[in-house]
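# I'll drop the sequence and a predicted model, then ask my questions.
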Amino acid sequence: MDKEIKFWLLDLNWGTLDRQRCMFLWGIDDRGRRVLLLDEQFEPSLYLVLAGDVQLEPIAGQLKRLATEHELGADISVEEKRQLGRRVQAVRVRYSDNSKAERFAADALRLKGVKSVHELDLRPSTLYLLDTQATPCRWHRVKVSETDGSAGYAVPSTYLVRGEFRPEGDLSPPPLRLLAFHAIYKPSKGSPDPKKDPVAVLSVKTEGSARSFVLDGSDDSGILNGFVTLVRREDPDVVVGFRSNSRDWLHLVSRADALDLGLNVSRAMTKPHPSVHGHFSITGRLAIDLADLADDMPELETKTLEALAEYLGSAPKEGFIPLEEVTMSRYWETEQGIGDLRRASEQRAQAAYDVCSEALDYLLELSSLTKLPADHVLAAPVGFRVDSYLMLKAKRSGEVVPPREERPYYTYAGGLVMAPIPGMHELVAVVDFRSMYPNIMISFNVSPETMVRTSRPSEEVNISPEGGYRFFKEPRGFFPSALIELIEERQRIEAQLKSARSGPEKRVLMAREKAVKVISNAVYGYTGWLGARWYSKGVAESTTAWGRSLITKASNLAEELGLKVVYGDTDSLFISYDADNVRKLLTDIGQELKFEARVDKVYERVIFTEAKKRYAGITSDGAVDIVGLEAVRSDWSEVARRTQREVLNDLLSGRGLEAARADLDKMIDDIRSGRVPLQDFVIWKVMSRPLSKYKVRAPHVEAARVLEEKGWTIKPGDRVGYLVVRATRNKPHVMPYQLASAEDIDVEYYVNEQVLPACTRVIEAAKIKG
DNA sequence: GCATTGTATGTACCC
DNA sequence: ACGGGTACATACAATGCG
C-alpha cells in the first residue's frame, strides 16, 4: 500500500539489497521515528558531450551498441544541455556498475564526435542529491510503500520510495539524539599507537546519561563491548568526538578488529569506515568530528576541544582537568589519579556534547545549503563545499558538471598591500569595502563563460585593469548568478530574522546566514584553486586586479580630500580620521567607484612599524587589537608575547614610553632572576611534514628528532615544544621541553632574541609621531 | 680559518 | 587540497680577507 510520509534526511549511502544496487536514505519522520527509505528507482548516469557538427542519429546508434557491448543496458537518451553556457547535444547513459561505465566511457571518447565525458567522477550518492529534490537536513514529502526488507537494519521501519521527493518549507530540524564520546589511551609517547596502546578510559555522554569505562588490567575488550552496546541502546543520530576522524575511529576500530570484536555501531550493523576527506562514516548516523569545526575557526588560538568549549561557553565551571602527556603518566600511577583521568574524560565528553548542541544548527544549514551530507560537510575543505554548491546551481540550469582535471600550477598577483607610515598615529579610521571580491565578480560579471578573448566592441565588455581580460556585460554569468542568489538568500534570512519569534527559529536562521556567508566569501579563492571544477585563472586574476585598482582609486580619493592614508591591505584603508571628510570619502567611493565602503572601526591610537601586516591599535572603548605582531604569533615564547602585549598596552593606553620601558626592564630582571616559569620559555611549532623530509636542521626539527630517539612518535600536524638551552659540549642548543629543566634555559637568548626584539620594535615605532 | 653576506627553508600570520 | 602577500628567525653556502 502506497502512502505519503514526511521525511527528514539524515544520511545516505549507495548500498546493496538483494544483490541490487540501491540508494539507502536514513532519516526521521514527523512522528520522530527513525526510518530507512530504499530507492531502487535510481540509476546513476553520465553525459557524453557531442561535437557541434556531429550527426545525431549515427552517433547515438554507435553509442547504443557500445553500451550494450559493455553490458550497460541500452538506456541512453539524447538531451540538450549546456556547457559553460553554450548549448550542446549530450548523450545521457545510465549505469549501475561504475567500472563498466568507466570502460565504456574510455571507448566512447575514442569515437569521432564524442568530445568529453561528464559526471562519471561523481559518486552515486552525490548524483542522487544533485538529480533529485532530496536535500540533506531538510524535510520532504515522499510517496512510499511498506517493505519487510529491513532485516539487519537498526530502524523500526523501512519503506520503498515510490515517487519524487518534494521539499517542505519548515526549517527546524527534528530533535536529534546526540552521543558524544571521549577516549584516553594507555599513556604512550606522542601520538597513540593502536597496536600497543589499549583504550584506557572511554566516556560517553548522551542527553539522559553519562557513562565511563575504565581499563581493568590490560584488556580493553570490555570497554569496546560496553561502548558498542551503549551506542546501540542509545541509538544516536549524531555521534560526536574531537579528532575522532584522525585518531579515535582509527584506534577504536583497529583495537576492536585485533580483538575480533567488530565495532558494529552503525544502523546497518557495520563498523565505522573511512570515507572521503579523511572522514569516518557510520552508516545511518552522522559521525561528526568537532576538530573540523575548530580548524575552521581562525579566532581559536589553539585548535583543542578545551579552547573550542571555552570559546562557546561550554567549558566546565570548575575548569578542565589537564590532560597533557606529562600529567597523564603521573595520573596513571595512583587510584586517585585514575579517578582524575576518568573525570577529565567525562568533562571532555560533556564538552563535546555541549559544543555539538551549540554548533549543530550551523552544521545542518551548511549541509542543506551545499547538499554535502552533514557528516561530510565539516570534513570537506572549503573548496569542495563551493564545488558542491556550484554543481547544484549548474544542474538546475541544465549545465553538465565539468570534470576535475590535472592542470599546471600558475601564480598570479593578489591583493595590494601598502607600506605603512611607521609611528604612533592618533585617530585612525579603518575603511573597508564590503565583500569586495564577491561584489567585483558581480559588478564586472566575472565568470569563466563570460570571459572572451575575441575582440568585441568595448562597450559590450568589462576589461580588467591588468591582464586585459574581457568579460561580457550580459547575460549574467554563472559565478555572478550564484553569488547574487547567495546575497538574496541572505536578505531573505535577514527579513525573516526581523520577524522571528522563538529562540530555536532565530538560531536556525542565524546559522543559515553564517553558512551563506562562508560560501560566498570562499568563491573567489575557489576560482584560483587547481582542484576547482570551474577553475579559471583569468577569473581569479581579474578579480584581484579589480581589487587592486579599487583600493588604489579609493586611496587617491582619500588624498584628494586631504586625508592621510596610513596603511592599506587588499580591501581596507587606514585613514587619519576626520569625521566629515571620511563620511565624504564613503560617498565618493559610492558615487565614483560604484562600490560600497564603510568605516569598520576607529582607532584612538595605532602603532605601525615599518612592516606590513603588523600593527596594534586601541579603540575608544579601550579594546586593544594586536595584529600580526609577535604577541599574537604562536611560534614565539609566552614570555616574549606577554611582555610585548604589556608594552603595547602601556604605549596605546597613554601610560607612555616610560611605563613601557619599566615593564620591559622588570620582565628582563624577572627572567634573569629565575622568576619566570619554564613553560613560558617553550617555543611551539607544528611539524609540517614527516621528520625525514626536512632539508635543514631547524630547531624544532632537532627537538623532534631527540623526542623520536627517546621513543616518542612524531607525525605531521604534531606540535613540538622546545627550549633554547645553554650550549655545552656534546649538547645541542635546543631541547624538547619535556627533557629540559629550568637550569638549562639560556636566559640570555630569551632576553636578547625574544623579549628585546619584540618589544624594542614597537617602542621604537611609538617614538615616531605619526 | 673565520666573519660577513646572501639565499633558502620553514612557520605563522593578514586579508 | 580555496587564493596571494608578508615578516621573521635560522640554517647553510658562498664570499671575502693578505
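Cool, the structure landed.
# how many neighbours does A:G654 have?
Residues lying near A:G654 (other C-beta atoms under 10 Å) number 10. Where you see a C-beta, it was placed from the backbone N, CA and C, and this is true even at glycine.
# cool, and A:A106?
12.
# host element of it?
helix A:98-108 (DSSP states H and E).
# Going by residue numbers, what spans are helices in the stretch 451-600 of chain A?
With DSSP state H, counting those that start in this stretch, the ranges of helices along the stretch 451-600 of chain A come out as A:478-499, A:503-527, A:537-560, A:579-588.
# For the stretch 301-450 of chain A, give the residue positioned nearest to DNA strand B.
Closest approach between the stretch 301-450 of chain A and DNA strand B, counting by C-beta to the nearest atom of the strand: A:G415, at 5.7 Å.
# That residue reaches A:D569, doesn't it?
Yes: contact criterion C-beta atoms under 8 Å: A:G415 and A:D569 qualify, at 6.8 Å.
# Longest strand in chain A, by number of residues?
strand A:2-17 (DSSP state E).
# Tell me how far that strand lies from the chain's centre.
Distance of strand A:2-17 from the chain centroid (C-alpha atoms, centre = their mean, to the nearest Å) equals 28 Å.
# after that strand, next one along is what?
strand A:20-29.
# What parts of the stretch 351-500 of chain A come near DNA strand C?
A:381-384, A:386, A:411-415, A:417 (C-beta under 7 Å from any atom of the strand).
# Please determine how far the residue nearest to the spatial centre of chain A is located from A:S520.
Closest to where the C-alpha atoms of chain A average out (C-alpha atoms, centre = their mean) is A:D296, at 4.3 Å. Separation of A:D296 from A:S520 (C-beta to C-beta, to the nearest Å) stands at 16 Å.
# Where does the prediction get shaky in chain A?
A:74, A:149-150, A:187-191, A:325-327, A:453, A:728-732 (pLDDT under 70).
# Specify the beta-bridge partners of A:W684.
Beta-bridge partners recorded for A:W684 (DSSP bridges): A:G721.
# Near it, how many other residues are there?
16.
# residues near the nearest residue to A:A60 once chain neighbours are set aside, how many?
Nearest residue to A:A60, sequence neighbours excluded (C-beta to C-beta, 6 or more residues apart in numbering): A:V78, at 5.7 Å. A:V78 has 16 neighbours, counted by other C-beta under 10 Å.
# Check whether A:K271 sits in a helix, strand or coil.
coil (DSSP: H, G, I helix; E, B strand; the rest coil).
# circling back: residues touching the residue nearest to the centre of chain A, list them.
A:L378 (C-beta atoms under 8 Å, 6 or more residues apart in numbering).
# buried stuff in the helix holding A:A106?
A:101-102, A:104-105, A:108 (16 or more other C-beta atoms under 10 Å).
# Tell me the one among the residues you listed nearest to A:P699.
A:E102 (49.2 Å; C-beta to C-beta).
# Which positions in the stretch 351-500 of chain A make contact with DNA strand B?
A:415, A:432.
# same question, chain A
Residues of chain A lying near DNA strand B (C-beta under 7 Å from any atom of the strand): A:298, A:301, A:415, A:432, A:569-572, A:613-614, A:627-628, A:632-635, A:684-689, A:694-696, A:698, A:700-701, A:719.
# again, 6 Å this time
Residues of chain A lying near DNA strand B by C-beta under 6 Å from any atom of the strand: A:415, A:569-572, A:613, A:627-628, A:632-635, A:685-688, A:694-696, A:698.
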